[in-house]
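Enquirer: model this:
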Amino acid sequence: MLEPELEALLLRIVPNLAREWSGASPEDLEELEERVELTGHDFPPFYRWFLSRLAGSVGALHPMLRGFTAASVLEAYRTGSVDIGPTQFLIGRMPDALMPLDVYYDLAHPLRDDAVVFSAILDAGPEKCTSETFREWIAAGAMTRFCVMTAPHRCFGAFVDPGRAAAAQLETVMAGLGFTSPITTGPFCRLYERGDMTLVAESTVKPENLGILIYEIGGPSVAAIRRLLGEIGRGTTLQIDADRWATRSR
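Expert: Numbers count the residues shown, from 1 in each chain. Below you'll find the model as predicted:
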């Protein structure tokens, strides 16, 4: 069971979450279970945890999860506005004036007590495999919003490995540099923390992307981030691109 990892992470980094989050009503949960059954696939254990904790109120996670409540998903199904494949199940909508996104499971591909997550522009496609699991999608988004983006300085770039093992290479060096991973992830997502530094690295889920991770790092100074990138470079054969730097507005 991996849910305690994510629960501990969210309660630690999301302000006031323990007081503000709430789960779906029993009636909504029952209806969602029935709709998943119609796909002919099992209800992902992680999605059941999500519904029990965050499908009623998402607290400060509202900017990224406001369209993922049980009420939002059921409204989409009840109004007949869901148009996805027979093994797919809508888990949320991300409203945007230009590019509103549908986010959904492919229940034919269960993984780590969860399932593969796709997204597509509403009514427009094409779809892309966003994350190996909904768990990783939430954790990466929360760490980016509440850790990386709140840091005094940030760097955005890419780790590239022609041998298509970027995540494995990164893993070999990060523990030695004092970083820990708050949740279990696959080869398309790496999440690390150390004191006042956070690294989030992800790529779209497809085989050709095993050799690349797009990263965001938040830290106390440009010098500290440059030092970390240098240590990663010395400890691996990764090509490291630092494409953009930003400073938090005061």
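Enquirer: so what secondary structure elements neighbour the top strand by length along the chain?
Expert: Identified as the longest strand of the chain according to DSSP state E is strand 101-111. When contacts are defined as 3 or more C-beta pairs under 8 Å, 6 or more residues apart in numbering; DSSP states H and E, strand 101-111 sits against strand 88-94, strand 114-121. Bear in mind the C-beta positions are built from the backbone N, C-alpha and C, glycine included.
Enquirer: Any chance of JSON lines for those strands, columns mean pLDDT and mean neighbour count?
Expert: Converted to JSON lines, the helices and strands packed on strand 101-111 look like this (pLDDT from 0 to 100; neighbours: other C-beta atoms under 10 Å):
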{"stretch": "strand 88-94", "mean pLDDT": "95", "mean neighbour count": "22"}
{"stretch": "strand 114-121", "mean pLDDT": "93", "mean neighbour count": "22"}
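Enquirer: Tabulate the ones you listed (a markdown table), appending distance to Thr180.
Expert: Shown next, in a markdown table, are these (distance: least, C-beta to C-beta, whole Å):
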| stretch | distance to Thr180 |
| --- | --- |
| strand 88-94 | 28 |
| strand 114-121 | 21 |
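Enquirer: Could you point out which of these sits nearest Ala71?
Expert: strand 88-94 (11.5 Å; C-beta to C-beta).
Enquirer: packing partners for the helix or strand harbouring Arg190?
Expert: Assessed by DSSP states H and E, Arg190 sits inside strand 189-194. Here strand 189-194 is seen to pack against helix 134-143, helix 166-174, strand 197-202 when contacts are counted using 3+ C-beta pairs under 8 Å, 6+ apart.
Enquirer: List the contacts of the longest one.
Expert: Which is helix 134-143. 2-3, 6, 9-10, 13-14, 44, 46-47, 50, 61, 64-65, 91, 103, 105, 112, 114-115, 117, 130-131, 182-183, 185-186, 189, 191, 193, 198, 200, 202 (C-beta atoms under 8 Å, 6 or more residues apart in numbering).
Enquirer: Check which helices and strands the longest helix along the chain sits against.
Expert: With secondary structure taken from DSSP state H, the chain has its longest helix at helix 222-235. Applying 3+ C-beta pairs under 8 Å, 6+ apart, one finds that helix 222-235 contacts strand 153-160, helix 166-174, strand 197-202, strand 212-219, strand 239-247.
Enquirer: would you put the C-alpha positions of it in PDB?
Expert: Extracted in PDB, the C-alpha atoms of helix 222-235 (Å, rounded to 0.1, in the frame of the first residue of the first chain):
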ATOM      1  CA  VAL A 222      21.400  30.300  -7.800                       C
ATOM      2  CA  ALA A 223      24.800  29.100  -6.500                       C
ATOM      3  CA  ALA A 224      23.300  26.200  -4.600                       C
ATOM      4  CA  ILE A 225      21.300  25.100  -7.600                       C
ATOM      5  CA  ARG A 226      24.400  25.300  -9.900                       C
ATOM      6  CA  ARG A 227      26.400  23.300  -7.300                       C
ATOM      7  CA  LEU A 228      23.700  20.600  -7.300                       C
ATOM      8  CA  LEU A 229      23.600  20.400 -11.100                       C
ATOM      9  CA  GLY A 230      27.400  20.200 -11.100                       C
ATOM     10  CA  GLU A 231      27.400  17.300  -8.600                       C
ATOM     11  CA  ILE A 232      24.800  15.500 -10.600                       C
ATOM     12  CA  GLY A 233      26.900  15.900 -13.700                       C
ATOM     13  CA  ARG A 234      30.000  14.600 -12.000                       C
ATOM     14  CA  GLY A 235      28.200  11.600 -10.600                       C
END
